[in-house]
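pasting the sequence and the predicted coordinates here, then a few questions.
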Amino acid sequence: MDVRILGGLSVRENGVSITPTAAAPRQLLALLAASADQVVPVTVLMEELWPSGAPRGARVELQSHILGLRALIAAALTEGAPDVGGRAGGYPEGTDGRTAETVLAAQSGGYRLDTGGGSHDVRQFERAAGAGYRAMEAGDLPRAALRLGEALALWRGEPYAGVDAGPRLRAETERLEASRLSVLDQWVEAQLGIGRHVEMVPELAVLAARHPVNESLHGQFMVALLRSGRADDALEAYRRLCVGLQRDGGREPSARLRRLHRSVLTVRDAGLPRVPAQSSGLWLRPRPVPAVAGLAGSLV
């Protein structure tokens, strides 16, 4: 099974899509995929589908959605497989002996989506991110930049795009977005740390515009501009951040960002053309490595 969550939901079995178009079964599959290979209790599934309280007949409706998903799985398993007559009294088998009832299995008061050891983009993201964080801790910035970049490249868009999200999926979406922002922050740190300040300016300009009150990204943007000989542009980036913070509840920049601002003013007033890449004390700093939480712990 191939599971893709970091963008529009896509679940494929035997190379065939099993992602339903109807809203409720799509939402159900999304939650099962989020905790793939783990049992998701029926109570959790019902809370996601009916957050205001399950109506009469909700369990029957849930079972109907499960049967619909199994029908899609069965069709995918047998596509291109030789006609061997299937199993008596149940769904037909795929070429590897998997059936719809084992791929989407009823277990211990819930349901388990079995990936059969297939790919899952969130798990790939978390593995690559973890490797990148460990490289950052070890001071191996080139490797950190590579592995964190690989993690970010797995994102095709917003998590669960096109899925009607209940409380569980909303919480998982927020967790994934926060994890991505942490990875992005550390990737930029690594890129600046190996001297790619000029190359990072266009990327950081987009990121700063997309996150107008994110002080970390704006600080990194200012450092990249300063190291590129653009102190005036760094000061303008600071000004825009101050405007954004004022609009966002009347906040002021942090003490660290104010110190960076003073450093930029000093460089500009001294008439220095650029700050060398090794002058990382302006902003780059060791940080605690963010924990990358597992999927199941946040959902079940």
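Right, received. Where do you want to start? Numbering: from 1, shown residues only.

leaving out the residues flanking it, which one is nearest to R268?
Leaving aside its sequence neighbours, R268 sits nearest to A231 (CB to CB, 6 or more residues apart in numbering; 3.9 Å). For every residue, glycine as well, the C-beta is placed using N, CA and C.

okay, the one you found: pLDDT?
pLDDT recorded at A231 is 94.

how many residues are close by it?
Around A231 there are 25 other residues, counting by other CB atoms under 10 Å.

surely it meets A270?
No. Judged on CB atoms under 8 Å, A231 makes no contact with A270 at a distance of 9.5 Å.

now name the helix or strand holding the most centrally placed residue in the chain.
Centroid check for the chain by CA atoms, centre = their mean gives L176 as the closest residue, at 4.0 Å. L176 is part of helix 167-193, with elements assigned from DSSP states H and E.

other SSEs contacting that helix?
Applying 3 or more CB pairs under 8 Å, 6 or more residues apart in numbering; DSSP states H and E, one finds that helix 167-193 makes contact with helix 23-34, helix 42-49, helix 121-138, helix 141-153, helix 197-210, helix 215-227, helix 295-299.

could I get the contacting residues of the residue nearest to R268?
L225, V264, V267, R268, L272 (CB atoms under 8 Å, 6 or more residues apart in numbering).

closest to Q246 among those?
V264 (19.6 Å; CB to CB).

that closest one and A234 touch, don't they?
Yes. The criterion here is CB under 8 Å, and V264 meets it with A234 at 4.8 Å.

quickly list what's touching both of the two.
With CB under 8 Å, 6+ apart as the test, V264 and A234 both reach M222, L226.

between these two, point out the one with more neighbours.
A234 (28 against 24).

what pLDDT does that one get?
Reading off the model, A234 has pLDDT 96.

quick one: least confident helix or strand in this protein?
Sorting the helices and strands of the chain by mean pLDDT, DSSP states H and E puts helix 295-299 at the bottom, at a mean of 39.

so who does H211 touch?
Contacts of H211 (CB under 8 Å, 6+ apart): L181, L217.

okay, now the unreliable bits of this protein?
80-96, 271-300 (pLDDT under 70).

domains for it, by residue range?
The domain map for the chain lists 2-120, 139-282, with the assignment taken from automatic domain parsing.

sorry, back to before: relative to H261, how far out is the residue nearest to R268?
11 Å (CB to CB, to the nearest Å).

swap in R123?
41 Å.

which one of these two has more residues nearby?
Neighbours were tallied for R123 and for H261 using other CB under 10 Å; the higher tally belongs to H261 (20 against 17).

state the three-state secondary structure for that one.
Under DSSP: H, G, I helix; E, B strand; the rest coil, H261 falls in the helix class.

now swap in the one 4 residues further on and tell me
Per three-state DSSP, the local secondary structure of L265 is helix.

next one: it relative to G166, how far apart?
50 Å.

neighbour-wise, which of those two wins?
G166 (19 against 14).

which residues does that one contact?
Q27, E47, E48, L49, P51.

redo that, cut-off 7 Å
When contacts are counted by CB atoms under 7 Å, 6 or more residues apart in numbering, G166 touches Q27, E48, L49, P51.

of the contacts of A231, buried ones?
The neighbour-count test (16 or more other CB atoms under 10 Å) marks L225, V264, V267 as buried among these.

count of neighbours near G97?
Neighbours of G97 under the rule other CB under 10 Å: 9.

wasn't it part of a strand?
No. With three-state DSSP as the criterion, G97 is assigned coil and is not in a strand.

contacting residues around it?
G97 touches nothing, counting by CB under 7 Å, 6+ apart.

M1 versus that one, what's the distance?
Counting by CB to CB - G97 and M1 are separated by 14 Å.

try R156
According to CB to CB, R156 stands 18 Å off from M1.

those two - which one has more neighbours?
When R156 and M1 are compared for neighbours, M1 comes out ahead with 22 against 14, by other CB under 10 Å.

many thanks, have a good one.
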